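> got a sequence here, can you build the structure:
(one chain, ligands or ions: 1)
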Amino acid sequence: MEQVVRGGPAGLCGTAAARLVDLDRPVVLAVLNVTPDSFSDGGLWAREDDAVLHGLALVAAGADAVDVGGESTRPGAARVPEHEELRRVVPVVRRLAADGVPVSIDTTRAAVAAAALAAGAVVVNDVSGGTADPGMARVVAEAGCPFVVMHSRGESADMDRHAGYGDVVTDVVDELRRRVDVLVGGGVRPDRLVLDPGIGFAKTASDNWSLLGGLERLDALGLPLLVGVSRKRFLGALLAAPDGTPRDVEHREDASHAVAALLAAHGVWGVRAHTARPTADAVRVGAAWRRARGAVTEQDRSS
Ligand code: PMM
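Take a look at the predicted model:
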């Protein structure tokens, strides 16, 4: 029978992280933005206690890990100073990790990644794929932790200007391959890497769909994939009203869950999402679909 989930990254040590390996479905990485201005949950969890309670609630509802971010990456967002990002995320990471929650830190700064790892985070998720801070490779190499290398171009403030591709899948695959080479050259073990096509980052809606339709070509890079589509603009555009008004962020959930199921049916390693229970249900459906399809293919082969 086909494998349901492509092997995840190595280096997930400790009891909290042990929950992320050997699942029969993709990992659900739940978003916890400790920011006043993220595009869908900005301001909701900006207070430390609220953020911790929400993180625990996400895990209780079926998330496998929580991705804590202290800097909005929404297109056009301005950067926050490093000391402010540290102030936002470190106490939340520490308290969630102390409660046994596997925590991923969503940052492009090496110093924030290092502080979060010291506070108990077990994964580093960098939307710049290690390009924003030359110190990032060393931090993740020394920690030996899994590193999510997301594809993007430019910074949040100007990324929309960079959405120009020949063939978007070819370009993203090539750019990710180059990132992997640089990171491995910088001492990061290849088996620690997870790749992410960066849906919505320097990409048009049509680019995003091309990437989702072309995941096999990303699989060819031979590394586990994480994909985040939850509540993103391209879903708002897909679900637009007849007059062209995009569907508002709060009402993109069902579409987000539909894509999560399809991603699981494809066999990605992980899905990044704002909801826990419906996303966990969706990936279970997709994984069961994939198993059933594998079993049928197996029968066809042996008959
Ligand atoms: N998307 C956002 C932030 N961080 N990290 C990864 N690896 N992949 C993503 O698609 C991704 C990310 C933007 O969404 P948010 O503002 O809701 O967190």
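
> read off the pLDDT value for the residue lying closest to Ala60 once chain neighbours are set aside.
Excluding its sequence neighbours, the residue lying closest to Ala60 (Cβ to Cβ, 6 or more residues apart in numbering) is Ala276, at 8.0 Å. In this view, the C-beta of every residue, glycine as well, is placed from N, C-alpha and C. On pLDDT, Ala276 comes in at 98.

> could you pull out the strands for the stretch 51-200 of the chain?
65-69, 103-106, 123-126, 147-150, 193-196 (DSSP state E, counting those that start in this stretch).

> in a markdown table: these, plus distance to Ala264 and mean pLDDT.
Listed next are the strands of the stretch 51-200 of the chain as a markdown table, based on distance: least, Cβ to Cβ, whole Å; pLDDT from 0 to 100:
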| stretch | distance to Ala264 | mean pLDDT |
| --- | --- | --- |
| strand 65-69 | 16 | 97 |
| strand 103-106 | 19 | 97 |
| strand 123-126 | 19 | 97 |
| strand 147-150 | 18 | 98 |
| strand 193-196 | 16 | 97 |
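
> format those as CSV; extra columns: distance to the ligand and mean neighbour count.
Converted to CSV, the strands of the stretch 51-200 of the chain look like this (distance: least, Cβ to the nearest ligand atom, whole Å; neighbours: other Cβ atoms under 10 Å):
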stretch, distance to the ligand, mean neighbour count
strand 65-69, 6, 27
strand 103-106, 5, 29
strand 123-126, 5, 28
strand 147-150, 4, 28
strand 193-196, 4, 26
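
> taking the stretch 201-303 of the chain, what residue is nearest to the ligand?
Closest approach between the stretch 201-303 of the chain and the ligand, counting by Cβ to the nearest ligand atom: Gly228, at 2.6 Å.

> pretty sure that residue sits against Val194.
No. If you go by Cβ atoms under 8 Å, Gly228 and Val194 don't touch, sitting 11.8 Å apart.

> now stretch 243-262, how far from the centre of its chain.
18 Å (Cα atoms, centre = their mean, to the nearest Å).

> now do stretch 154-171
How far stretch 154-171 lies from its chain's middle: 18 Å, per Cα atoms, centre = their mean.

> quick one: that stretch near the ligand?
No. Shown here: stretch 154-171 not in contact with the ligand (Cβ under 6 Å from any ligand atom), separated by at least 9.4 Å.

> how about that stretch as PDB, C-alpha atoms only?
In PDB, the C-alpha atoms belonging to stretch 154-171 read as follows (Å, rounded to 0.1, in the frame of the first residue of the first chain):
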ATOM      1  CA  GLY A 154      11.100  40.200  -1.400                       C
ATOM      2  CA  GLU A 155       9.800  41.200   2.000                       C
ATOM      3  CA  SER A 156       6.200  41.500   3.200                       C
ATOM      4  CA  ALA A 157       6.200  45.200   2.400                       C
ATOM      5  CA  ASP A 158       6.900  44.700  -1.300                       C
ATOM      6  CA  MET A 159       6.300  41.000  -2.100                       C
ATOM      7  CA  ASP A 160       3.300  41.600  -4.400                       C
ATOM      8  CA  ARG A 161       5.700  43.400  -6.800                       C
ATOM      9  CA  HIS A 162       7.800  40.200  -7.200                       C
ATOM     10  CA  ALA A 163       4.900  38.000  -8.400                       C
ATOM     11  CA  GLY A 164       6.300  37.500 -11.900                       C
ATOM     12  CA  TYR A 165       7.200  34.000 -13.000                       C
ATOM     13  CA  GLY A 166       7.900  32.100 -16.200                       C
ATOM     14  CA  ASP A 167       6.400  28.900 -15.200                       C
ATOM     15  CA  VAL A 168       5.600  29.300 -11.500                       C
ATOM     16  CA  VAL A 169       6.100  25.700 -10.500                       C
ATOM     17  CA  THR A 170       9.400  25.400 -12.300                       C
ATOM     18  CA  ASP A 171      10.600  28.700 -10.800                       C
END
